[in-house]
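Novice: Mind folding the following:
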Amino acid sequence: MLGTTVVRSEVGNGVLAYDYRETLLASEKVNWNLDDIIGGDKKLDFSKRFMPESLARVEELPFLNADEKRVLNQIRANAYLSIFVIVEEFIVPFVLDHVRPELDTGDYRVRAFLHFVEEEVKHIQLFKRFCEEFRAGFPIECKVIGPAADIGKAVLAHNPTSVALVILMIEWMTQEHYLGSVKDATDLDPQFKSLLKNHWLEEAQHAKLDTMMVESLIANSNDLQIDEAMDGFLAIGGFLDAGLKQQTEFDLEALETVIERTLSAKDRQTFIEKQLQANRWTYIGSGMVHPRFRQMLDRLGSDARGRIEGVAPVFA
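Specialist: As a prediction, the model looks like this:
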């Protein structure tokens, strides 16, 4: 039967199976409309924090008062969704390129990946609308790394398996962000929390599809090709890390502008150190240590997991 491919991955002593048809049906069940999530009377509450502390890490900055920490938290939230716009803008063409050779088959695999793309485009629209609302309610315009097209071009220039692994890491990472930090948080703005919940619902299926994509790409790969894919994965990570350093500086600039004071040289240094690590954990480290991503590294063999565990502490 067309499109019923099942991908099985070892999880402990059990077997985890993903199926294109079942993944598509699950995705259709949780599908939501953009206007149901944002707009109208659904407004951001700028009196509250938007991001969970485990990601924002503003409490590590004792030289900021409570209001200043809230402002920084909101700056980080704006960057969070803006950076995911950048990520999803390179995911879309990558997935289309992956499925394009089989567009004429009409099976569940093609339908699942095309639905994946449609949802990613919707997420881009959702996040851009949030950023518009954020700009309307926040005192200043906050800088974000880019342009997105240049970042996407640099990432997509790498080995397809390397890119697919980065995307897989990011998809599992977003799952952990919501389930581990956002879901049970009681002090966050309900509107921002709702946005992250709905994003999580659809990304849960994307993580399964990404797993199957990586499986298909590595199916006939030898050890040398796997090593080259891991080289590319680490190179993309280094490229993204350079962007996070720039974003941390942008966030400091925005904070000082809003609170109308310049931090001391010592406090600025502490800010950069603490917030860079917070960004590294948010966008890279929390994905590297996700159990499902580590499971894929184990399947790659050639000490792929060992290589990642060797660099993971840098992003903790």
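Novice: if I read this right, residue 140 contacts residue 258, doesn't it?
Specialist: Yes. The pair residue 140 / residue 258 is scored as a contact, 5.9 Å apart, by Cβ atoms under 8 Å. Any C-beta I mention is one placed from the backbone N, CA and C, and that applies to glycine too.
Novice: which one of those two has more residues nearby?
Specialist: More crowded of residue 140 and residue 258, by other Cβ atoms under 10 Å: residue 258, with 18 against 12.
Novice: So that one versus residue 68, what's the distance?
Specialist: For residue 258, the distance to residue 68 equals 8 Å [Cβ to Cβ, to the nearest Å].
Novice: what do these two both touch?
Specialist: Taking Cβ atoms under 8 Å, 6 or more residues apart in numbering as the contact rule, residue 258 and residue 68 touch no residue in common.
Novice: shaky segments in this structure?
Specialist: 1-16 (pLDDT under 70).
Novice: Could I get the contacting residues of residue 130?
Specialist: Taking Cβ under 8 Å, 6+ apart, one finds 38, 44, 81, 192, 195 in contact with residue 130.
Novice: again but with residue 120, I slipped
Specialist: 88, 91, 92, 95, 206.
Novice: and these, which two are the farthest apart?
Specialist: Farthest-apart pair in the contacts of residue 120 is 92 and 206; separation 11.6 Å (Cβ to Cβ).
Novice: Which one's more surrounded, those two?
Specialist: residue 206 (30 against 17).
Novice: how about the nearest residue to residue 171 once chain neighbours are set aside, what does it touch?
Specialist: Spatial nearest neighbour of residue 171, chain neighbours left out: residue 207 (3.9 Å); criterion: Cβ to Cβ, 6 or more residues apart in numbering. Residue 207 makes contact with 168, 171, 172, 175, 292, according to Cβ under 8 Å, 6+ apart.
Novice: Now, those residues that are in helices?
Specialist: 168, 171, 172, 175, 292 (DSSP state H).
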